[in-house]
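[1] What follows is a predicted structure for the sequence shown.
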Amino acid sequence: MTNQKKLKAVQSVSGQVTLPGSKSITNRILLLSAIADGATTIIGPLVSDDTLHMIDALKKLQVDLTQKDNGDILIHGTRGNFKNKSAEIFLGNAGTAFRPLTAALSFSKGQYTLSGLPRMHERPIKDLVDALLQLNADITYLGQEGYPPLKISPSEIMINGPIKIRGDISSQFLTSLLMAMPLTKKEVVIEIEGDLISKPYIDITLNLMARFGIHVKKIDWKHFVIPGSSSYVSPGEIFVEGDASSASYFLAAGALAGDIEVKGIGRNSIQGDVKFAEALVLMGADINILEASIQVTKVAALQAINLDCNHIPDAAMTLAVLALFAKGTTKLLNIGSWRVKETDRIKAMANELRKLGAAVTEGNDFIEITPPLKVKEHVEIDTYDDHRMAMCFSLVSLRNIPITINDPGCVNKTFPTYFEVLESIVKT
Ligand SMILES: O=C(O)C1=C[C@@H](OP(=O)(O)O)[C@@H](O)[C@H](O)C1
Ligand SMILES: C=C(OP(=O)(O)O)C(=O)O
């Protein structure tokens with residue numbers, strides 16, 4: 001039987017929410033700490049399915065990693081030389097674990113298989129593998145060509161001129177290559193072929209690499225120059241800021257139903273998804289971005305927007321649900337990558353918004369939503385094993401509309417305590 005979360009109609013919300021750590025930052029720092037020189041204490045990491053897959057993988061590679069009682073993680077770096085030279089690694093549906101490990105393990109002179117959940121095996125990886133093959137990496141597809149699972153075998157990595165990589169399906173391919181390249185200790189130029197999507201995630205990568213001592217030169221988003229003869233050095237302690245994509249649900253909750261302060265991200269966040277706050281302002285919200293928190297208050301009337309969302313692909317899903325309560329037709333553009341994420345998110349979003357009464361037009365890389373006069377009550381929302389579908393649609397309840405979320409456990413991918421935190425701001 002389907003597991004369900006029945007959410008009651010809620011009139012208003014208020015209070016403070018402390019965000020869990022960022023998934024993108026946690027998984028990058030876990031890997032960087034594991035391949036750096038020295039010991040790193042990671043303060044405030046996210047503990048969720050996606051980061052546990054990275055943690056388990058590193059443990060399998062015999063990285064000395066300790067999860068402390070207070071949640072911090074201590075890692076003794078290997079300088080890129082994993083002790084275990086033969087492992088079968090399962091990574092669920094964690095893109096931020098699968099993609100970055102692919103390049104790092106290709107340079108590790110070991111015999112590894114990388115596999116995941118069936119959906120991971122439908123998510124493309126060819127552009128990353130093609131880039132690594134130019135370097136003489138030995139990678140073979142164990143299933144369908146272009147997709148996981150992968151077999152990685154030992155090889156002599158060779159660099160002859162710039163490495164070309166495509167970045168129009170996922171930015172995680174470039175992130176993977178960037179993070180692994182310093183292991184070669186050679187100066188390398190990475191050249192982007194075609195368009196690069198989700199650029200702010202590359203800035204997270206560059207920022208964190210710099211924290212570990214590698215300063216990459218970015219030239220017009222086309223070329224990335226990685227310095228030679230330097231290697232990653234642990235910063236000792238490193239703090240994980242709150243997850244900006246997770247923040248979007250509570251910022252939206254405030255805009256829909258009350259006064260909310262979201263703690264854990266703020267003015268100096270390194271995550272592109274803080275720009276979700278700007279999209280909310282376009283919809284009419286009153287937002288105050290402070291040093292370490294963001295405040296939002298209920299909007300009398302939300303306005304529809306027409307927005308290129310390429311820079312905030314994850315948080316943009318939250319806008320699609322807000323569109324149900326906005327005046328006019330909302331158009332979210334340049335979101336083609338939604339089709340190859342946890343599910344085909346354009347299709348899933350369109351299906352479920354229609355169940356609530358919205359008129360939805362889907363394109364290859366856009367979605368257009370016109371709200372109904374009255375959003376339907378007691379609708380059962382399917383979540384497609386996509387955490388963001390569950391979290392986004394839970395927001396409907398905050399406009400006094402009871403709703404049921406099917407298989408709510410999918411939130412474990414990035415936010416295991418999501419429904420408890422949501423409950424904590426509900427005013428009865
Ligand atoms: O690098 C990252 O941490 C991420 C990049 C984005 O993926 P794409 O680059 O595939 O859009 C994003 O959707 C994902 O949740 C996390
Ligand atoms: C796309 C996402 O995840 P992944 O890191 O698996 O790509 C996401 O969290 O929305």
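    Received, thanks. Ligands and ions are numbered 1, 2, ... in the order given.
[2] give me the beta-bridge partners of the residue lying closest to Lys347 once chain neighbours are set aside?
    If you skip the residues right next to it in sequence, Lys347 has Glu362 as its closest partner in space, 6.7 Å away by C-beta to C-beta, 6 or more residues apart in numbering. In short, each C-beta sits where N, CA and C put it, glycine included. Here Glu362 shows beta-bridge partners Ile367, assigned using DSSP bridges.
[3] Is it correct that Glu362 is in contact with Ala350?
    Yes - Glu362 is within contact range of Ala350, at 4.7 Å (criterion: C-beta atoms under 8 Å).
[4] Ile346: which element?
    In this structure, Ile346 sits in helix 345-355 according to DSSP states H and E.
[5] That helix near ligand 1 anywhere?
    No - Helix 345-355 does not reach ligand 1 (C-beta under 6 Å from any ligand atom); its nearest approach is 9.7 Å.
[6] Using CSV, list the CA coordinates for that helix.
    The C-alpha trace of helix 345-355 is given here as CSV (Å, rounded to 0.1, in the frame of the first residue of the first chain):
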residue,chain,number,x,y,z
ARG,A,345,10.4,16.9,-13.4
ILE,A,346,8.7,18.8,-16.2
LYS,A,347,6.3,16.0,-16.8
ALA,A,348,5.8,15.1,-13.1
MET,A,349,5.2,18.7,-12.2
ALA,A,350,2.7,19.2,-15.0
ASN,A,351,0.8,16.0,-14.1
GLU,A,352,0.4,16.9,-10.4
LEU,A,353,-0.4,20.6,-11.0
ARG,A,354,-3.1,19.5,-13.4
LYS,A,355,-4.6,17.3,-10.7
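[7] Against which helices or strands is that helix packed?
    Helix 345-355 sits against helix 316-322, strand 359-362, strand 366-370, strand 379-381, helix 387-394, with contacts defined as 3 or more C-beta pairs under 8 Å, 6 or more residues apart in numbering; DSSP states H and E.
[8] What lies in contact with the shortest one?
    Surrounding strand 379-381, the residues in contact under the criterion C-beta atoms under 8 Å, 6 or more residues apart in numbering are 4, 352, 355-356, 389-390, 393, 403-406.
[9] What of the last one?
    Contacts of helix 387-394 with the rest of the structure, by C-beta under 8 Å, 6+ apart, involve 5, 7, 245-246, 249, 314, 317-318, 320-321, 342-343, 345, 348-349, 352, 381-383, 403, 405, 407-408, 410-415, 418-419, 422.
[10] Run a quick neighbour tally on Asn70.
    Burial of Asn70, expressed as a neighbour count using other C-beta atoms under 10 Å, amounts to 7.
[11] Would you check how far apart it and Ser153 are?
    Asn70 is 40 Å from Ser153, where distance means C-beta to C-beta, to the nearest Å.
[12] buried residues in the helix or strand harbouring Arg28?
    Assigned by DSSP H and E, Arg28 belongs to helix 23-35. With burial defined by 16 or more other C-beta atoms under 10 Å, the residues of helix 23-35 counted as buried are 23-35.
[13] which of these lies closest to Thr96?
    Within the buried residues of helix 23-35, the smallest distance to Thr96 is 4.1 Å, found for Asn27 (C-beta to C-beta).
[14] Which residue is the nearest non-sequential neighbour of Asp127?
    Residue nearest to Asp127 in three dimensions, not counting chain neighbours: Arg166, with 4.1 Å by C-beta to C-beta, 6+ apart.
[15] For that neighbour, what are phi and psi?
    Note on Arg166: backbone dihedrals following degrees, to the nearest 10 are phi -90, psi 150.
[16] Next, count neighbours for it.
    Under the neighbour criterion other C-beta under 10 Å, Arg166 is assigned a count of 18.
[17] Could you do Ile165 as well?
    Ile165 sits with 23 neighbouring residues when counted by other C-beta under 10 Å.
[18] Could you tell me the model confidence score at it?
    The confidence metric pLDDT takes the value 98 at Ile165.
[19] repeat for the one 5 residues further on
    The pLDDT attached to Ser170 in the predicted structure is 98.
[20] could you list every residue that touches the closest residue to it other than its chain neighbours?
    Spatial nearest neighbour of Ser170, chain neighbours left out: Ser337 (6.4 Å); criterion: C-beta to C-beta, 6+ apart. Applying C-beta under 8 Å, 6+ apart, we find Ser337 in contact with 169-170, 197-198, 313.
[21] near ligand 1, which residues of the stretch 101-250 of the chain show up?
    With the criterion set to C-beta under 6 Å from any ligand atom, the stretch 101-250 of the chain comes near ligand 1 through 170-172, 175, 197-198, 201.
[22] May I ask which two of these are separated the most?
    Considering C-beta to C-beta, no two members of those lie farther apart than Thr175 and Ile197, which are separated by 11.9 Å.
[23] From what I see, Ser171 and Ser198 are in contact.
    Yes - taking contacts as C-beta under 8 Å, Ser171 lies within contact range of Ser198: 3.9 Å.
[24] out of the residues of the stretch 101-250 of the chain next to ligand 1, who has the most neighbours?
    Looking at these with neighbours defined as other C-beta under 10 Å, the largest count falls to Thr175 at 28 neighbours.
[25] Please, which helix or strand holds that residue?
    Element membership for Thr175 (DSSP H and E) is helix 172-180.
[26] got it, and Ala104?
    Ala104 is located in helix 95-106, with elements delineated by DSSP H and E.
[27] Return the distance of that helix from the chain's centre.
    In terms of C-alpha atoms, centre = their mean, to the nearest Å, the centre of helix 95-106 is found 14 Å from the chain centre.
[28] Does ligand 2 have contacts with it?
    Yes - for helix 95-106, a contact with ligand 2 is found by C-beta under 6 Å from any ligand atom, at 95-96.
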